[in-house]
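Asks: I'd like to go over a predicted model; first the sequence, then the structure.
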Amino acid sequence: MAMNPIFIATLAGAFILFATLFQTGRVKKVWRIIEDWFHVYQFLKVPELNEATQQHNQLYRKVSLYLHSLPSLEDSDFANLITGKKQNDIVLSLGPNQTIQDRFLGTTLFWFNQAAHEPNPTRPGAFVLKIRKVDKRRVLRPYLQHIHAVTDEIERQGQRDLRLFMNADSFGRWRSVPFTHPSTLDTITMEPDLKNRVKSDLESFLRARQYYHRLGRVWKRSFLLYGPSGTGKSSFVAAMANFLCYDVYDINLSKVPSDSDLKFLLLQTTPKSIVVIEDLDLFLAEKSTRVSSSGILNFMDGILSSCCGEERMMVFTMNTKENVDPNLLRPGRVDVHIHFPLCDFSAFKSLASSYLGVKEHKLFPQVQEIFQSGASLSPAEIGELMITNRNSPSRAIKSVITALQTDGDGRGCGLIGRQTEDDDVDEPEGVVCGEGLHTVKDLRKLYGLFRLKITRKHRSNSSLGASPLR
Ligand SMILES: Nc1ncnc2c1ncn2[C@@H]1O[C@H](COP(=O)(O)OP(=O)(O)OP(=O)(O)O)[C@@H](O)[C@H]1O
Ligand SMILES: [Mg+2]
């Protein structure tokens, strides 16, 4: 029996239409909606915040990291293209209200990225997992374990994209941007011995989960970075974040309306993060914040951090700690003190090596002499002169000499070569307080601190990290 040509044409047309719709994913979508009608799937929500406590849900962060590592992200209906860590790096990011598929143990799972900002801009987002009811019992538990394993591995290899969180408004919420600061411990000019001790301190912190638990302590560590402006304190925080592969929460105290808002901000921070308060001395001196001293003390004591997870660094920066109540900086509140001094000759040489690629130069003796006379500049000032004159090392060094003779004159006076026998005092260098150790002796043993002779009144700028033990 001959086929009706109209029937054949209609069939072919329907086939082409179906294939086209299938290609664009519309049929798949309609099919999914039909399946949802018949309750084939179960939905599980992973909210960004725990609604009862308003704390960050760790699983949300892990799921986000996991989903962004999936090759199937390329096949999702809609993805954002954003720049990655390195220049020219372009990475895919799952768009809001978009779905991504994953395969696990022979079944397909769907993740829906529920947008954070609709309809209420402050409402947190969520990921919604859609899994076949028949597969749930068999697949869900191992699948969640799989997500943990994959994200742990990503974090171990330091591949996680870091974020910088800021409390930019007075609503007590964090806003974040990708953290791409290029500073590393290698690029920070610092006395090499001190740098090595800090490095091993950070490394041992990363491995110390069991140790802290055994002691019944919160797995956290606090640093005080103090020294004049432009000596590298903020750069060091960035270097720490890159070294530890931790996010940074930068607390602007002037934007915190009250003690309870400070608590709330801390509760929302996640583990594997550095919580930073810059210029704490200024806030304490000027009382330019509505947060009380006891609010700051609670924050530093870690009572709060004990209820919102662990694996955190607290970093406070100050220009000087002279006017700060020593009680505020006692061990436990601040575990490690690091002094960031103005440049001495060896710091200058180190900057010349990295900024100008010069290890020796005929002008070096002259520079050394000027430093010995007591003049000094910050690494930021010297670095800037070197960057400006980077095409001519001689010109760069000459400009540093001129600056030392003018701007830097006397800046370091009294800090170098003014030691008197009467004023001798045992001063440890840099890192001064250790975990679980309470005596000065213990602390010295910990870091093999060596004795420096410097004056009681003036901190030496010839040695990075000189810090009195109290
Ligand atoms: N020790 C250092 N090693 C390398 N670069 C440095 C160092 N100190 C400062 N710089 C450079 O100087 C600039 C300013 O440094 P940074 O902001 O870290 O100083 P700071 O101590 O935080 O100053 P402030 O107290 O004013 O906040 C940065 O660009 C940094 O690269
Ligand atoms: Mg700074």
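Replies: Structure received. Numbering: from 1, shown residues only. Ligands and ions are numbered 1, 2, ... in the order given.
Asks: my guess is residue 263 meets residue 298, correct?
Replies: Yes - between residue 263 and residue 298 there is a contact under C-beta atoms under 8 Å: 7.4 Å. To be clear about C-beta, it is placed using only N, CA and C from the backbone, and glycine gets the same treatment.
Asks: restricting to C-alpha, output stretch 324-337 in CSV.
Replies: Extracted as CSV, the C-alpha positions of stretch 324-337 are listed here (Å, rounded to 0.1, in the frame of the first residue of the first chain):
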residue,chain,number,x,y,z
VAL,A,324,46.8,49.5,74.0
ASP,A,325,45.8,47.9,77.2
PRO,A,326,48.2,44.9,77.5
ASN,A,327,45.3,42.8,78.8
LEU,A,328,43.7,43.0,75.4
LEU,A,329,46.8,41.4,73.9
ARG,A,330,47.5,38.7,76.4
PRO,A,331,48.2,35.1,75.3
GLY,A,332,45.0,33.4,74.3
ARG,A,333,43.6,36.6,72.9
VAL,A,334,46.6,37.2,70.7
ASP,A,335,48.8,34.2,70.2
VAL,A,336,51.5,35.6,67.9
HIS,A,337,52.9,39.1,67.8
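Asks: tell me which residues in that stretch are buried?
Replies: For stretch 324-337, a neighbour-count test (16 or more other C-beta atoms under 10 Å) marks 324, 328-329, 331, 333-337 as buried.
Asks: of residue 263 and residue 298, which one has the most company?
Replies: The residue with more neighbours, out of residue 263 and residue 298, is residue 263; 20 against 16, by other C-beta atoms under 10 Å.
Asks: list the buried residues of the helix or strand in which residue 200 is found.
Replies: Secondary structure from DSSP states H and E places residue 200 in helix 192-206. Across helix 192-206, burial judged by 16+ other C-beta under 10 Å covers 193-195, 197-198, 201-202, 205.
Asks: could you dump the buried residues of stretch 324-337 to a markdown table with pLDDT?
Replies: Below are these laid out as a markdown table (pLDDT from 0 to 100):
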| residue | pLDDT |
| --- | --- |
| 324 | 85 |
| 328 | 84 |
| 329 | 86 |
| 331 | 82 |
| 333 | 84 |
| 334 | 90 |
| 335 | 90 |
| 336 | 93 |
| 337 | 94 |
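Asks: and which of the residues you listed is nearest residue 52?
Replies: Nearest to residue 52 among those: residue 333, at 29.7 Å, using C-beta to C-beta.
Asks: give me the nearest residue to the closest one, chain neighbours excluded.
Replies: Leaving aside its sequence neighbours, residue 333 sits nearest to residue 300 (C-beta to C-beta, 6 or more residues apart in numbering; 4.3 Å).
Asks: count the neighbours of the one you found for me.
Replies: Around residue 300 there are 22 residues (other C-beta under 10 Å).
Asks: distance check, it against ligand 2.
Replies: 19 Å (C-beta to the ion, to the nearest Å).
Asks: thought that residue was touching residue 334?
Replies: Yes - using C-beta under 8 Å, residue 300 is in contact with residue 334, at 7.2 Å.
Asks: shared neighbours, those two?
Replies: Jointly contacting residue 300 and residue 334 under the rule C-beta atoms under 8 Å, 6 or more residues apart in numbering are 222, 316, 328.
Asks: now do the helices in the stretch 51-200 of the chain.
Replies: 58-67, 133-156, 192-206 (DSSP state H, counting those that start in this stretch).
Asks: apologies, that question was intended for the stretch 251-400 of the chain.
Replies: For the stretch 251-400 of the chain, applying DSSP H, counting those that start in this stretch gives helices covering 259-267, 280-286, 293-301, 303-306, 345-351, 364-372, 379-388, 393-405.
Asks: rewinding a little: reformat the helices of the stretch 51-200 of the chain as JSON lines; add mean pLDDT.
Replies: Output for these, formatted as JSON lines (pLDDT from 0 to 100):
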{"stretch": "helix 58-67", "mean pLDDT": "89"}
{"stretch": "helix 133-156", "mean pLDDT": "90"}
{"stretch": "helix 192-206", "mean pLDDT": "93"}
